[in-house]
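Visitor: pasting the sequence and the predicted model now:
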Amino acid sequence: MEQRLPSPSLTPRRCWRGPDPRRAPRAGDDEPCPQYATCLSSHNYPGSETEIDRKWREIHFILPRPHSGPAGDTTTLTGKELGLNMQTTIFNTPILTPCLRLLARLLLRLHGWKVVADERALKLKKYVMLAAPHTSNWDGYFFILAALKLKVNPQWMGKDKLFPFPLGGVMRWFGGIAVDRSKANNLVEATINQYKARDELVIAVPPEGTRGKAERWKTGFYHIARGAAVPVVCGFIDFARKEAGLGPVMEMGENLARELARFGEFYGTKVGKYPEDYTPPV
């Protein structure tokens, strides 16, 4: 049974799976979260009770989410449910990742590819990264090599069909987040909350939504960036020039059509592996 919160604000010392583990159980309580003491002790977070509460919320991403019950009633959505928990990926695995970065440099050289990046983008800690044009599975391969070389730690969203058992764990280690497109699960609002709760977060979004030709870009990335007040970085693949990397940093204004036109100008010069399958922003 989910723990319901009285308000949509962040609630200190309370996990969505149970009451405050530091007080004695009361009638009607759910089971307290067993990870509370483990998290605090393993991460060695000294300090006041306020600091401990803040770190507990940060570890478990205690965030509000709409509930289908009565008006004003809310429950919480954790980063783990969304797929944005503090998981180990190919981009942050101790010992292994530095070795993979060297391997990425070697493979890029063998392929004859160059990685370029806007200096401002490299200094950012929180932003939405576009991944376009997306016309082939090779895009992901060069995207990962470029991310390793640039030492960025992105997570990317993909349809849930890419995460079947037992390969799902491997895809998540590569930074994947499974998205069920058939359900209106309020992904945009949940992702906005994640950005607000964290000091560092990069989510890569393929705005075309598919490798095949589509009608237009999906605009979820725009609403995420606007809601979270973070910029959009134009991640790109260019098979014609054999380049991949991070393009300009763009702050999102109120006019969606104008912003899509700006993206169209930049990505209009980038060539996917199968140019005929590229979907322009508008």
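Guide: Yep, that arrived. As the structure is a prediction and not an experimental result, all values here were calculated from the model.

Visitor: per-residue confidence for residue 149?
Guide: Listed pLDDT for residue 149 reads 97.

Visitor: now the element after whatever helix or strand it lives in, going C-ward?
Guide: For residue 149, the host element (DSSP states H and E) is helix 138-150. Following helix 138-150 in sequence order, the next helix or strand is strand 155-159 (DSSP H and E).

Visitor: show the average pLDDT along that next one.
Guide: Here the average pLDDT along strand 155-159 is 78.

Visitor: mind listing what's buried along that strand?
Guide: 155-158 (16 or more other CB atoms under 10 Å). Yep, even glycine has a C-beta here, placed from its N, CA and C like the rest.

Visitor: over to stretch 194-207?
Guide: Quick answer for stretch 194-207 (16+ other CB under 10 Å): 194-195, 197-198, 201-207.

Visitor: same deal with stretch 146-155?
Guide: In stretch 146-155, counting by 16+ other CB under 10 Å, buried: 146-150, 152-155.

Visitor: ok so, going back, so of the buried residues of stretch 194-207, which ones are in helices?
Guide: Among the buried residues of stretch 194-207, the ones falling in helices (DSSP state H) are 194-195, 197.

Visitor: tell me which element the closest residue to residue 227 other than its chain neighbours falls in.
Guide: With CB to CB, 6 or more residues apart in numbering as the criterion, residue 227 has its nearest non-adjacent residue at 3.9 Å, and that residue is residue 192. According to DSSP H and E, residue 192 maps onto helix 187-197.

Visitor: which strands and helices lie in contact with that helix?
Guide: strand 63-66, helix 79-82, strand 201-205, helix 220-228 (3 or more CB pairs under 8 Å, 6 or more residues apart in numbering; DSSP states H and E).

Visitor: lowest average confidence across those, which one?
Guide: Across the helices and strands packed on helix 187-197, the lowest-scoring stretch is strand 63-66, with a mean of 36.

Visitor: now do the top helix by length along the chain and helix 138-150, the angle between them.
Guide: The longest helix of the chain (DSSP H) is helix 96-111. On the basis of axes from the mean of the first three to the mean of the last three CA atoms, to 10 degrees, helix 96-111 is oriented at 120 degrees to helix 138-150.
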